[in-house]
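S.K.: show me the folded form of this:
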Amino acid sequence: MKTVNFKVLLLIGVFAFGLTGFGLLSDWPVPAEYKTKKNAFAGKDDGTGKKLYTLHCKSCHGAKGLNDGPKATKYKDKMRALNSAEVKKQTDGELYFKSIIGDKTRNMPNYESKIAAEKDRWMLINYIKTME
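M.R.: Here you go, the predicted model:
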């Protein structure tokens, strides 16, 4: 029977933990129906998005989407900055799923009842996409 080298196991563990810490193994899967979901209000903003962001998102994600809101420190999982390249490359539908549908295991609440109007949900997504 071969013995397993402890140093090799430790190296593999550290590597896997590092990938998870950088979000490479802890991807947030989005159902296909949302990946291709079309934003009927793309590029539009009537001011609703910013109001909804201030009301529902700012306390965790911060004023500029840098995850420095007063509630951000209570979550063990690191949030991605909303102005990051990783967030910017997502489709409107992916952002919709992550922002509106959410995922309790990722500490992201569901906002379907709090933001009931479909137009308002898209206005929020449009506002998030403008964050720099």
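S.K.: separation between the most centrally placed residue in the chain and residue 47?
M.R.: For the chain, the residue nearest the mean C-alpha position is residue 98 (5.4 Å; CA atoms, centre = their mean). Distance, residue 98 to residue 47, using CB to CB, to the nearest Å: 23 Å. Where you see a C-beta, it was placed from the backbone N, CA and C, and this is true even at glycine.
S.K.: okay, and for the protein, where does confidence drop off?
M.R.: Residue ranges of the chain with pLDDT under 70: 1-26.
S.K.: what about the helices in it?
M.R.: Along the chain, counting by DSSP state H, helices occupy 6-21, 32-35, 48-52, 58-61, 85-88, 92-96, 118-129.
S.K.: contact partners for the nearest residue to residue 43 once chain neighbours are set aside?
M.R.: Counting by CB to CB, 6 or more residues apart in numbering, the nearest residue to residue 43 once its immediate chain neighbours are dropped is residue 126, at 6.9 Å. Shown in contact with residue 126 (CB atoms under 8 Å, 6 or more residues apart in numbering): 39, 41, 42, 43, 44, 45, 49.
S.K.: at 10 Å instead, please
M.R.: Applying CB atoms under 10 Å, 6 or more residues apart in numbering, we find residue 126 in contact with 39, 41, 42, 43, 44, 45, 46, 48, 49, 50, 92, 95.
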